[in-house]
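In: Let's see this in three dimensions:
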Amino acid sequence: MNSGRLPVIAYALGVLFLLVVLGLAYGLWSETLEINGTVYTGEVYGEWYQCFCLDSGKDPNPPFQLPKDKDVGSTTCQVDAQDPRILHITVTNGYPSYYNKCNVAFKNSGTVPVIIRGYKIVPENFTLASAYGANNGELWVKFTDGVGVQMEPCPAHSCEQSSEVQLHVEQPAAENTIYKFRVQICIAQWNEDPNLDQCLAAAAP
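Out: Sure, this is the predicted structure:
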């Protein structure tokens with residue numbers, strides 16, 4: 001036997017083994033997998049749908065008192081035709097000590113449960129009186145709503161909230177003057193806990 005051929009055979013076997021290993025390495029196919037996620041977010045949205053004011057004849061007195069015997073002032077209330085998030089209350093021929101209240105209602109027209117986080121009365125051109133009958137402002141306005149109430153999306157049974165806007169014309173009110181105010185109701189998704197200022201700031205366009 002020719003022993004000189006053994007190193008050649010051993011070398012050839014080594015090269016073949018190396019090629020087999022390299023072949024296996026290059027023969028490993030690769031693939032990139034992707035996950036494409038799509039999230040459709042819900043909507044927090046509320047709107048007014050009802051408003052009825054007490055003054056339908058003789059001027060009303062504060063609650064639990066007989067009405068006045070005169071029909072002088074009047075109050076109307078309506079939902080904005082273009083934006084149902086806005087409610088218009090108009091007092092015509094108001095005078096000091098004129099009182100009225102409007103029963104209002106709004107609903108959760110969005111797709112996310114919400115909680116009423118508070119309300120804010122914003123006078124546009126007058127000083128808000130600190131209390132009923134106080135003389136430190138032209139008008140006293142109060143809103144009652146049920147802060148902290150959770151509203152499910154409609155048509156769930158608990159998707160609506162009834163409330164009340166009360167107003168009283170105080171002694172400092174001037175003649176022939178149109179006073180304007182806004183009542184801001186802030187609702188936020190049910191699983192967040194902002195205070196009123198945070199809620200209003202987040203709701204600003």
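In: So Asp197 belongs to a strand, correct?
Out: No - using DSSP: H, G, I helix; E, B strand; the rest coil, the secondary structure at Asp197 is helix, not a strand.
In: That one - how many residues pack around it?
Out: Asp197 has 12 neighbours, counted by other CB atoms under 10 Å. Bear in mind the C-beta positions are built from the backbone N, C-alpha and C, glycine included.
In: can you pull the pLDDT of it?
Out: The score at Asp197 is 94. That number is its pLDDT.
In: gap between it and Pro63?
Out: Separation of Asp197 from Pro63 (CB to CB, to the nearest Å): 31 Å.
In: got it, and Pro96?
Out: Taking CB to CB, one finds Pro96 at 19 Å from Pro63.
In: which of the two has more neighbours?
Out: Shown here are Pro96 and Pro63; by other CB under 10 Å, Pro96 has more neighbours (13 against 9).
In: Hmm, that one is touching Glu170, no?
Out: Yes - between Pro96 and Glu170 there is a contact at 6.5 Å, judged by CB atoms under 8 Å.
In: Next, please give the residue ranges for the helices of this protein.
Out: Counting by DSSP state H, the chain has helices at residues 5-26, 196-203.
In: Could you identify which of those helices has the lowest mean pLDDT?
Out: helix 5-26 (a mean of 58).
In: Roughly how far does Glu164 sit from Cys102?
Out: Distance, Glu164 to Cys102, by CB to CB: 7 Å.
In: cool, and Gln171?
Out: 23 Å.
In: Please identify which of these two sits among more neighbours.
Out: Ranked by neighbour count (other CB under 10 Å), Gln171 and Cys102 place Cys102 first, with 19 against 12.
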